[in-house]
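1. with the input below, show me the fold.
(4 chains)
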Number of protein chains: 4
Amino acid sequence: SQNIGIISRAFRHQFIIPEFQSFSKEIEEIYWKCKDNTDGKVASYIPQLARMSPNYWGVSICTIDGQKFSIGDVNVPFTLQSCSKPLTYAIALDQLGADAVHAYVGQEPSGRNFNELILDHNKKPHNPMINAGAILVCALLKTLVKPEMTLAEKFDFTMKNFERLAGGEDFGFNNAVFLSEREAADRNYALGFYMREHKCFPLKTSFRECMDFYFQCCSMEANCDTVAVMAATLANAGICPLTEEKVLGPESVRDVLSLMHSCGMYDYSGQFAFKVGLPAKSGVCGGMLVVIPNVMGICTWSPGLDNLGNSCRGVQFCEELVKKFNFHRYDNLTHASNKTDP
Amino acid sequence: SQNIGIISRAFRHQFIIPEFQSFSKEIEEIYWKCKDNTDGKVASYIPQLARMSPNYWGVSICTIDGQKFSIGDVNVPFTLQSCSKPLTYAIALDQLGADAVHAYVGQEPSGRNFNELILDHNKKPHNPMINAGAILVCALLKTLVKPEMTLAEKFDFTMKNFERLAGGEDFGFNNAVFLSEREAADRNYALGFYMREHKCFPLKTSFRECMDFYFQCCSMEANCDTVAVMAATLANAGICPLTEEKVLGPESVRDVLSLMHSCGMYDYSGQFAFKVGLPAKSGVCGGMLVVIPNVMGICTWSPGLDNLGNSCRGVQFCEELVKKFNFHRYDNLTHASNKTDP
Amino acid sequence: SQNIGIISRAFRHQFIIPEFQSFSKEIEEIYWKCKDNTDGKVASYIPQLARMSPNYWGVSICTIDGQKFSIGDVNVPFTLQSCSKPLTYAIALDQLGADAVHAYVGQEPSGRNFNELILDHNKKPHNPMINAGAILVCALLKTLVKPEMTLAEKFDFTMKNFERLAGGEDFGFNNAVFLSEREAADRNYALGFYMREHKCFPLKTSFRECMDFYFQCCSMEANCDTVAVMAATLANAGICPLTEEKVLGPESVRDVLSLMHSCGMYDYSGQFAFKVGLPAKSGVCGGMLVVIPNVMGICTWSPGLDNLGNSCRGVQFCEELVKKFNFHRYDNLTHASNKTDP
Amino acid sequence: SQNIGIISRAFRHQFIIPEFQSFSKEIEEIYWKCKDNTDGKVASYIPQLARMSPNYWGVSICTIDGQKFSIGDVNVPFTLQSCSKPLTYAIALDQLGADAVHAYVGQEPSGRNFNELILDHNKKPHNPMINAGAILVCALLKTLVKPEMTLAEKFDFTMKNFERLAGGEDFGFNNAVFLSEREAADRNYALGFYMREHKCFPLKTSFRECMDFYFQCCSMEANCDTVAVMAATLANAGICPLTEEKVLGPESVRDVLSLMHSCGMYDYSGQFAFKVGLPAKSGVCGGMLVVIPNVMGICTWSPGLDNLGNSCRGVQFCEELVKKFNFHRYDNLTHASNKTDP
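-> This is a model prediction of the structure:
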């Protein structure tokens, strides 16, 4: 039943990527090209991540009309880590509105050399895509959205929303990662205490629960296929292409994409916006959630990270993709002669 | 003869804004709404700018298929000031290629609290939209593009390129502004000497000529109508909608738009990208060059500036515009229900 | 028996301040002058400090040959707070040597605008007089000095050393302050976690115990009279003027005085070094430990703090003192005509 | 006639260093020890400095009662460079008073990582020992002290004052260095323009003349012997030990020594204050002016510089000196058993 939309469109021959098979072929070529890239090192600050094989490499695609293509290790579960940041931000925006959220967290890149510990000129964390901002977004979700919920209920609520974004696909929870993250989180506790000192949190925040909730969001588990559907939901203004459920409002999605565009790739964000020009969010798990608005969502996953913390293969994949296709935000739709419009 | 394109399209009823008259009506409404905004102060560091009346207010629009609409003080000439930065950057990209240009200047926002005097982590100015970067772009144009040209010839060459971007419209040069700028330019000389100390300039740069050339570019004079055509040329991948001349390559335009998006509005750039989501460049003259890729170029002009240096009416105009129309980069084309798709 | 030294010197008429009575008279005058100063606010981040009366004002003096003078509220106990920093640093130097200590903590002022959260260019806290450095010094005392001691034993060991510095005077411990400090310590936890992230602590440090130990040192309790003797011990190269016990080596004392000189007065340190030119350490308790090397130790106490955290009356007292007497480090001993050499 | 003081004291056997011959012997030993140190590189930003032989090594001493000892290349003239900074600051203090001077320039170290280009939190240069501050001090001397003087007269006035500090010894002026400095001064012009932008200069400052005056002060020429007498005048509260002329007031000297103590050795200042504990000022010429208050002045000169810009042999000399003698500001006069009190 969830595929009614796609079938009806298939009959009408109105797909956003009309020649999906040949497009998939091109994706496959880029996939193999990137597979040769063995740069990067697996994150090692907790054993559960350190044990990941650097050989894993998967790419999943889901268009806004529900066409899908996958290749490689697309069914191996990984913890979302920072890939969860745009998702919790999206839920917070949808539940509380942009004004309420941004009373607590900024909307701007922090500047590459800026120590993340420092708040912005308004004494707020710079944006929801960096740790400080994401911790604060978790505090908002925990404290301001349905405050009567226990931590367990709020965890459940959030996971359910993640699953709705993914078209109903089940999410896992990696408790070993959660416990390890919580143990190894010197920087995050430093950020948390620093923000508490500066009264960044909403009143009545339980600091301990909020930190735990943040680590729990990072420890949710999914695979490439599932995350690509979430990306497609963002590409489709918040309506899941598989279920046609409106999970998020278009304004929330617009704000999420804006900040993924400018702040989603750690200290490579500025370069990525310039070269690739697509909203994306990476995580130390090696995953990347990439959105081509009005067209498709992509998830790439490979645990080898460059020294800025982004997946080496994932970044290369995106760069090859925009070399081939007119997906850069500022590619011209009609005049960029040497690129393909799929 | 330069209007062949528009006439032929008119016959074919294929305009990008099919209902241009009703669209113009909406623009006019926003125009009057913003006219009530008397916030801001006229730039006062040189007398020529200080004498400008804060009442001036003009808006010009030019679509990528050459439809035009203007209202207000659209024929009063003003000096381009920082509105020239994306233009000299575009010419440098087109003449030298992105790699050569970006060997000297970065591609990232500097971060709001970052003192502009400081170079980025590669010892380059952060981007071509801030003074340090624009001075360096002028040095590239002067030293690496046709180095045999005298300063007078290079000035001429640049003005000719500006005119081609504007569909052949004549540009003026305000010598009084040039002389005043050069006199009042403590900060720019500080930046220049600081960069020279750090060997940021290409070999054989004549420092004095390069500074003069920079002040000359800032002192070129045009009006709203003319600048809107330049913006439209950028919206149209470098092909002037009036003359159909290919003035810039699409790759150059993509890079210009990327950096206008992230760095074009001084310290408001992050907020502007978030709220408005359009590539724009403002100047202390009160002008704003705004690009809606694949749709139209806009120029607004009103000398009253907010405390970050952007035109108060210009910023308000853009915010009203994206409230009404689905022009934000991350507005969804089909699902943003309460916005109009013109 | 502990006064043998002073008595024998009294017989020999060889005191460092020969006319001690008339000197005391001058001190009393300055005391009353400063009493009129009702500027400043009592520290309020924990209730135990907030309840302190701003009227308290005491000054105690102890020369290196054991002459003493006290006036005002010199017997009211207060918690040492940051006045403990030079003392724990001194003990660490004496136990471990300067090289071992400064392998973990720097020796330089941090610069006034520098956020204390940031480590210096060697990834060490800037110096032992600021919170980050003092936390690390506590970690060294706890982890490297007699590591077999329990926390209780180490507390006892430290208090005993404080008492030896004070000529055998008993110290108290304010447990309510300790518990409140620990509760209110967002910034200190942020600093601690940040340093743990950057591996600043010695191996085997128990983070929790080290933080507790730091708060305990801040919560030790003494009065003006007692602290003045500690200052005199520092003025006397580590030999207590009352007991003639060598508590610290002269090299340790030299290093402590050097850093009190440059870093002891929070963000006023530079100004204080310039204007007063004496090693001093202030605390939010309102106490100030001031050393006139080779002459005397002074303790002033008044809870009203200026906006940099120093006691208003204490700072004024020092400034009046060096106006009157040639105590500034760079006062000339023979040619500064309008100052008194007591 | 200028030696009346020393002769009369000689008859009275009251020298500050009673055993001057054996003391000189020890200095000679340290001299030869440091001669082996061939670390460091000669400054190379202008040819006149680059041509200096790294082998030059001279040490001159002058006590406050006029006893002198010299060894090595003590008669070779070198340009003062930054060694002139405490001297111009001293003259400005004496002519204008500390309040007037410090209305324009701060009194605190800038913090090691702080970019010198940035002004302090009061929008003043941090202190008179760094370039920005010294440029401003020159502007004060030029603009506020006898403003009717031409630049030539002011140069003469300053040189005369330098000569009085040096007991009447003639100073040279190296015009080739002056011209080269002015040519190579990107950083200093950047600093100057930056300060002019921020209105740091006194009203009516002629920017160009003030910069020239600064370069002229740096280009005055003397030798080790002469500079040691200047240092001795500072050690003696402003009274030249050779002529017994009161050249500076004791308050001015106190302020100069305070800032030499905290800021005189570039980014090594904090370390130097901690380890050596003596007021000193180094310059890229390889000279160091060192003051032991109430005892003697020292000048060392060797062109090989470490990577912070201080003379390698000069720094080593000072460190050896305080290892041997109780000259560290916080050495105890009576209890530091393993050091000699000459």
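
2. quick one: the residue nearest to the spatial centre of chain A from chain D, how far?
-> The structure's chain A has its C-alpha centroid closest to residue A:83; by CA atoms, centre = their mean the separation is 3.7 Å. Distance, residue A:83 to chain D, by CB to the nearest CB, to the nearest Å: 34 Å. Any C-beta I mention is one placed from the backbone N, CA and C, and that applies to glycine too.

3. in three-state terms, label that residue for me.
-> Under DSSP: H, G, I helix; E, B strand; the rest coil, the three-state class of residue A:83 is helix.

4. wait, it sits on residue A:290?
-> No: between residue A:83 and residue A:290 there is no contact under CB atoms under 8 Å: 10.5 Å.

5. for the nearest residue to residue A:85 once chain neighbours are set aside, list the residues it contacts.
-> Closest residue to residue A:85 apart from its sequence neighbours, by CB to CB, 6 or more residues apart in numbering or on different chains: residue A:134 at 4.4 Å. By CB atoms under 8 Å, 6 or more residues apart in numbering or on different chains, the contact list for residue A:134 reads A:82, A:84-85, A:88-89, A:128, A:214.

6. so residue A:134, which state does it fall into?
-> helix.

7. what about the stretch 1-150 of chain A, any weak spots by pLDDT?
-> Across the stretch 1-150 of chain A, residues meeting the criterion (pLDDT under 70) sit at A:1-13, A:112-117.

8. what's the distance between residue A:96 and chain B?
-> 17 Å.

9. could you do residue A:307 as well?
-> From residue A:307 to chain B the distance is 13 Å (CB to the nearest CB).

10. name the element that residue belongs to?
-> Using DSSP states H and E, residue A:307 falls within no helix or strand.

11. number of residues surrounding it?
-> 11 (other CB atoms under 10 Å in any protein chain shown).

12. residue A:85 contacts residue A:281, doesn't it?
-> Yes: with contact defined as CB under 8 Å, residue A:85 counts as touching residue A:281 (6.2 Å).

13. compare these two (neighbour count), which wins?
-> Shown here are residue A:85 and residue A:281; by other CB under 10 Å, residue A:85 has more neighbours (32 against 29).

14. what sits against residue A:302?
-> Taking CB under 8 Å, 6+ apart, we find residue A:302 in contact with A:34, A:40, A:54, A:56-58, A:286, A:311-314.

15. apply 6 Å and report the result again.
-> With contact taken as CB atoms under 6 Å, 6 or more residues apart in numbering or on different chains, residue A:302 is in contact with A:56-57, A:286, A:311, A:313.

16. where exactly do the helices run in chain A?
-> Secondary structure of chain A, counting by DSSP state H: helices at A:4-12, A:20-35, A:47-50, A:85-96, A:98-102, A:131-143, A:151-165, A:175-183, A:186-197, A:207-218, A:224-235, A:250-263, A:269-275, A:312-324.

17. so which of the ones you listed is the most surrounded?
-> helix A:224-235 (a mean of 28; mean count of other CB atoms under 10 Å in any protein chain shown).

18. tell me what that one is packed against?
-> Packing partners of helix A:224-235 (3 or more CB pairs under 6 Å, 6 or more residues apart in numbering or on different chains; DSSP states H and E): strand A:58-63, strand A:287-292, strand A:296-301.

19. go with 7 Å
-> Here helix A:224-235 touches strand A:58-63, helix A:250-263, strand A:287-292, strand A:296-301, going by 3 or more CB pairs under 7 Å, 6 or more residues apart in numbering or on different chains; DSSP states H and E.

20. minimum distance to residue B:184: which of these has it?
-> helix A:250-263 (33.2 Å; CB to CB).

21. and residue A:243, how far is that from chain C?
-> Taking CB to the nearest CB, one finds residue A:243 at 42 Å from chain C.

22. distance of that residue relative to chain D?
-> Residue A:243 is 54 Å from chain D, by CB to the nearest CB.

23. what of residue A:176?
-> 40 Å.

24. what of residue A:32?
-> In terms of CB to the nearest CB, residue A:32 sits 47 Å off from chain D.

25. which parts of the stretch 201-342 of chain A sit against chain B?
-> Residues of the stretch 201-342 of chain A found near chain B (CB under 7 Å from any CB of the partner chain) are A:237, A:239, A:250, A:253-255, A:257-258, A:262, A:270-271, A:273-274, A:277, A:293-294, A:328-333, A:335-336.

26. again, only this time at 6 Å
-> Residues of the stretch 201-342 of chain A lying close to chain B (CB under 6 Å from any CB of the partner chain) are A:237, A:250, A:254, A:257-258, A:270, A:273-274, A:293-294, A:328, A:330-333, A:335-336.

27. re earlier: so which of the helices of chain A comes closest to residue B:341?
-> Across the helices of chain A, closest to residue B:341 is helix A:250-263 (CB to CB), at 12.7 Å.

28. next one: that closest one to chain centre, how far?
-> 11 Å (CA atoms, centre = their mean, to the nearest Å).

29. tell me the mean pLDDT for it?
-> In this model, helix A:250-263 has a mean pLDDT of 96.

30. give me the angle between that helix and helix B:312-324.
-> Helix A:250-263 and helix B:312-324 are oriented at 130 degrees to each other (axes from the mean of the first three to the mean of the last three CA atoms, to 10 degrees).

31. what's helix A:250-263 packed up against?
-> Counting contacts by 3+ CB pairs under 6 Å, 6+ apart, helix A:250-263 packs against helix A:85-96.

32. let's see 7 Å
-> helix A:85-96, helix A:224-235, helix A:269-275, helix B:269-275.

33. tabulate these (a markdown table), appending distance to residue C:121.
-> Formatted as a markdown table, the helices and strands packed on helix A:250-263 follow (distance: least, CB to CB, whole Å):
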| stretch | distance to residue C:121 |
| --- | --- |
| helix A:85-96 | 31 |
| helix A:224-235 | 40 |
| helix A:269-275 | 25 |
| helix B:269-275 | 29 |
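
34. ok, which of those helices comes nearest residue D:21?
-> helix A:269-275 (68.0 Å).
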